[in-house]
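> Structure here, sequence nowhere to be found:
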């Protein structure tokens, strides 16, 4: 099979985006192994042959969704924290943006988690890239005195883990999450810890 | 197929344990869908028919492994924190015990994560049960003044998420994790947060 190529026309771009969006819904709902290209094209209202113009396989479109999740979370978190006056405020804004994103795109979140098994290199790259950028921000904030000194990498991974677990519990498993309450409570712990 | 029954003899118990252990290794390594009962019995050095004396299907043995992980983590964390003089010390001991457990049984850890997709009810039950017990401990500690006041459930999930992410990054992805350093840094954040 020839390698799928990037679309060159506006119509091609729109058609590719529609297939990606259908794959996000179908794979997020059914999981990678159950999801079929036939079902994805049915939901995208395109012919099966059209799928292969843009993607060479189910693995490739899955991989593309993980990359997309990476791009979106980076962009979204950057935008959310851009206006924050200091790093602790940025932590609150970033956590809230992440939880609202999980709420808006639960399928994409689930796909990234499934990548641990389906596409381990993409999974690791996703979190390593995000973790490196996160740690760089924390390192700078510690240098500026906005947060206490400490290991930026361990902190970055601990904070990513908190956000993921809160996303599972309060967003994926709850119909009407109280974002403010969850973010306030988590943020209090992020700022001051558990010590009395 | 008749429902598999619990073994009644010492020899039966040992044989069932050997099959479970083989399933942990094979499923942890290959993932649920690739792992076959043929391969599990080959590793366990038993006949295929023996598998069906104890388990009715691949799904059932997978489910049993998730339950086992639940039993082990609860027992192990309880034991680790039993001697802790206060809740903050218990947090340190529990985190270290968890990371050492991931290091000792990476396959079992991976199986629980795969349960999110393979056996979602078991996955949710595992973390809900653990989270409820964790929150109860934090609630008691806050009532005793050992930690600051705050929402015990949000804290429990945030702390579980931290432990999981640190397990991914520093145990599964690293050959020689420096447990002391990672636990010290994470514990400092758990106790005092990021505020300068």
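Great, that's in hand. From a predicted model like this one, the values you see are computed outputs, not experimental measurements. Residues are numbered from 1 along each chain as shown, chains lettered A, B, ... in the order given.
> make it CA atoms for all contacts and neighbour counts henceforth
Will do.
> Tell me which residues are up against the helix or strand harbouring residue A:124.
For residue A:124, the host element (DSSP states H and E) is helix A:120-143. Defining contact as CA atoms under 8 Å, 6 or more residues apart in numbering or on different chains, one finds that helix A:120-143 is touched by A:63, A:66-67, A:70, A:74, A:87, A:112-113, A:115-116, A:147-150, A:152-153, A:155-157, A:160.
> close to chain B, is the helix or strand that that helix is followed by?
With elements assigned by DSSP H and E, the helix or strand that comes after helix A:120-143 is helix A:152-166. Yes: using CA under 8 Å from any CA of the partner chain, helix A:152-166 reaches chain B at A:154-155, A:157-166.
> Does helix A:152-166 pack against any helices or strands, and if so which?
For helix A:152-166, the helices and strands in contact under the criterion 3 or more CA pairs under 8 Å, 6 or more residues apart in numbering or on different chains; DSSP states H and E are helix A:87-104, helix A:120-143, helix B:152-166, helix B:179-192.
> just those: most buried one?
helix B:152-166 (a mean of 25; mean count of other CA atoms under 10 Å in any protein chain shown).
> so for that one, what's the average pLDDT?
The average of the pLDDT scores along helix B:152-166 is 98.
> Stretch A:118-133 now?
Rounded mean pLDDT across stretch A:118-133 is 94.
> ok, back up a step: want to throw the helices and strands packed on helix A:152-166 into TSV with distance to residue A:185?
Shown next, in TSV, are the helices and strands packed on helix A:152-166 (distance: least, CA to CA, whole Å):
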stretch	distance to residue A:185
helix A:87-104	10
helix A:120-143	20
helix B:152-166	7
helix B:179-192	14
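> among those, which is nearest residue A:40?
Closest to residue A:40 of those, according to CA to CA: helix A:87-104, at 20.0 Å.
> Run through who's touching the closest one.
Against helix A:87-104 from outside (CA under 8 Å, 6+ apart): A:73, A:76-78, A:80-82, A:84, A:108-109, A:138, A:141, A:146-147, A:163, A:166-167, A:171-172, A:179-180, A:183-184, A:187, A:191, B:194-195.
> what packs against the strand or helix carrying residue A:20?
Secondary-structure assignment from DSSP H and E places residue A:20 in helix A:10-30. Identification of packing neighbours for helix A:10-30 by 3+ CA pairs under 8 Å, 6+ apart yields helix A:37-44, helix A:48-54, helix A:58-82, helix A:106-118.
> Could you tell me the angle between that helix and helix A:58-82?
Counting by axes from the mean of the first three to the mean of the last three CA atoms, to 10 degrees, helix A:10-30 points 90 degrees away from the direction of helix A:58-82.
> Please list the residues outside helix A:10-30 that contact it.
For helix A:10-30, using CA under 8 Å, 6+ apart, the contacting residues are A:7, A:34-35, A:39-41, A:43-44, A:46, A:51, A:54, A:61-62, A:65, A:106-108, A:110-111.
> Give me the buried positions along that helix.
A:15-16, A:18-29 (16 or more other CA atoms under 10 Å in any protein chain shown).
> likewise stretch A:67-80?
Using 16+ other CA under 10 Å as the test for burial, stretch A:67-80 gives A:67-70, A:73-74, A:76-77, A:80.
> just the residues you listed that are near chain B?
The subset of the buried residues of stretch A:67-80 lying close to chain B, counting by CA under 8 Å from any CA, is empty.
> For the residue most central in space within chain A, give me its contacts.
Against the mean C-alpha coordinate of chain A, by CA atoms, centre = their mean, the closest residue is residue A:69 at 4.3 Å. By CA under 8 Å, 6+ apart, the contact set of residue A:69 is A:108-109, A:112.
> Spell out for me the PyMOL command that would select the buried members of those residues.
This is the PyMOL syntax for the buried subset of those, where burial follows 16+ other CA under 10 Å:
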select buried, chain A and resi 108+109+112
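> can you redo the contacts of residue A:69 as TSV with pLDDT and distance to residue B:95?
Output for the contacts of residue A:69, formatted as TSV (pLDDT from 0 to 100; distance: CA to CA, whole Å):
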residue	pLDDT	distance to residue B:95
A:108	92	29
A:109	92	26
A:112	94	25
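> Please produce TSV containing the contacts of residue A:69, extended by distance to chain B.
Formatted as TSV, those follow (distance: CA to the nearest CA, whole Å):
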residue	distance to chain B
A:108	14
A:109	12
A:112	12
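> That'll do, ta.
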